[in-house]
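Chemist: okay, predicted coordinates and the sequence, questions at the end:
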Amino acid sequence: MREFPLTLSRFIIQSQASHPGATGEFSNLLTQIGLVGKLISQDLRRAGLINILGATDDTNVQGETVKKLDAIANDDFVKVFQHSGYVCALASEEMEKPISIPDNWPHGKYMLLFDPLDGSSNTDNNMPLGAIFSVLKYERDDRLPTEGELMRRGTEQIAAGYLLYGSSTMLVYTVGQGVYGFTLEPSIGEYLLSHEKIRIPEKGRVYAVNEGNCRKWSEGTKKYVDSLKVNDKATGRPYSSRYSGCLVADVHRLLLGGGIYLYPGEVDKPEGKLRLLYEANPLAFVVEQAGGKASTGTSRVLEVEPKKLHQRVPLLIGSRQDVEQAEMYIQGKD
Ligand code: AFP
C-alpha cells in the first residue's frame, strides 16, 4: 500500500493534539494562510494571460510603486482574515496603518503582520515571488490593539513563515518547535508535508546580495563580500553568488543548502531596506529555528526594539558560521 501523505490540515490537527489547551483558533489561522497561498498562486500561474501584470498608479507608504499583483495579494490577505474571526489586527507592507477588526465583527486573539507579495519586481518576468507572515498574540480582551501594541520584538512572535511561489508553491513555517515545509499539490489543492524539521547547514558556499550597491556599503561590508571571492579550497571559497530579487526565494535556498543573504545598511542609509516587523523578524524566527542566525550586523534581529510599524533594518541571515563571519567584518574585528 502506498504511504498516505501528511496534509497541512492533518499535520496541524496532530500538532494541536499535543497542546491540550488549544482552541483550534491558531490552527485555523494557519489553514487560512494556506488558503491565501492557493488564491495567489492560482493568479500567478495565469498572470500573463489575465491582465494583472504591471503597475497600478499608486505608491505605497514606502514610496514604492505598487504592482497590480501587490494590491491583489494584499486584498486576498485582508479579505481572508478580516471576517475570519481569528485575528484582531492586520498590518501589511502595503498599508500605512494597521486594520483593526471592528468590534461588532468576530475577532480573535492573534495579530497578523505580513508582506503580501515579496519580490514584486519579479512579477512581470515570471520569476519567484513570496509572502511573509508573522503572528503575535494579543492578551487583552477589553479593547482592540493599538498600532503601538503591534510593534513587538521578534522574540515575541508565536509563529512565522512564508509562502514561496516558485516552480512549486510552498508554505514553510515555525511555531518555535522546528521548521516544517509543505508543498502545494495542485491536482488535489492540498499542501503536503515535504520538508520535515528543516536544518540549515552550519556553513554554506553561496552568498546572496545586490552587488550593484557595493559602492554604497561600509568598508567592513565591502571587505566581507570581497573575502568570499578569495580562491581558497580549504575554506570552500570562492562562494557562488545567487540573488533572485526575492528575499523569500533566496532565504529558502539558504535554508536548504546553507550560505548567507545580506541586505546591509549603507553609508547614507544605515537602516538598510528590509522591513523589521514583516520581513526580517519572521524570517529570522524561521532561520533560527532551523539552527541558523539572523543579525543586523551588530545585534540579533529578533531582539531589535521596534519604534515604527514600517521600520527598516539591515539584515544578514543564513548559516550560523557565515553570519558570524560577516558580523566580524562589519564590526571591524576581522
Ligand atoms: P518588495 O517586497 O518591495 O518587492 O522588495 C523586495 C525585497 O524586499 C526583497 O525581497 C529583495 O531581496 C530585495 O527587496 C531586493 O531589493 P533590491 O532590488 O534593492 O536588490
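Modeler: Cool, the structure landed.

Chemist: these two touch, right, residue 277 and residue 311?
Modeler: Yes: with contacts defined as Cβ atoms under 8 Å, residue 277 counts as touching residue 311 at a distance of 6.8 Å. The way it works is simple: take the backbone N, C-alpha and C, and place the C-beta from them, glycine included.

Chemist: for the residue of the stretch 1-150 of the chain found nearest the ligand, give me its contacts.
Modeler: For the stretch 1-150 of the chain and the ligand, the shortest gap (Cβ to the nearest ligand atom) falls at residue 120, measuring 3.6 Å. Remark: with contacts taken as Cβ atoms under 8 Å, 6 or more residues apart in numbering, residue 120 is in contact with 67, 69, 70, 129.

Chemist: who has more neighbours out of residue 277 and residue 311?
Modeler: Neighbours were tallied for residue 277 and for residue 311 using other Cβ atoms under 10 Å; the higher tally belongs to residue 277 (27 against 16).

Chemist: which non-adjacent residue is nearest the more buried one?
Modeler: Counting by Cβ to Cβ, 6 or more residues apart in numbering, the nearest residue to residue 277 once its immediate chain neighbours are dropped is residue 113, at 5.2 Å.

Chemist: tell me the contacts of that neighbour?
Modeler: By Cβ under 8 Å, 6+ apart, the contact list for residue 113 reads 90, 91, 92, 133, 134, 136, 150, 277, 278, 282.

Chemist: then residue 110?
Modeler: So residue 110 contacts 25, 26, 29, 86, 87, 88, 135, 136, 137, 138, 158 (Cβ under 8 Å, 6+ apart).

Chemist: do residue 191 as well
Modeler: Taking Cβ under 8 Å, 6+ apart as the definition of contact, the neighbours of residue 191 are 7, 8, 34, 37, 171, 182, 183, 184, 185.

Chemist: can you select the buried ones among those residues for me in PyMOL?
Modeler: With 16 or more other Cβ atoms under 10 Å as the criterion, this PyMOL line picks the buried residues out of the contacts of residue 191:
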select buried, resi 7+8+34+37+171+182+183+184
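
Chemist: so where does residue 220 fall, helix or strand?
Modeler: When secondary structure is defined using DSSP states H and E, the element that contains residue 220 is helix 219-227.

Chemist: can you tell me if that helix touches the ligand.
Modeler: No: remark: helix 219-227 sits outside contact range of the ligand, by Cβ under 6 Å from any ligand atom, the gap being at least 13.9 Å.
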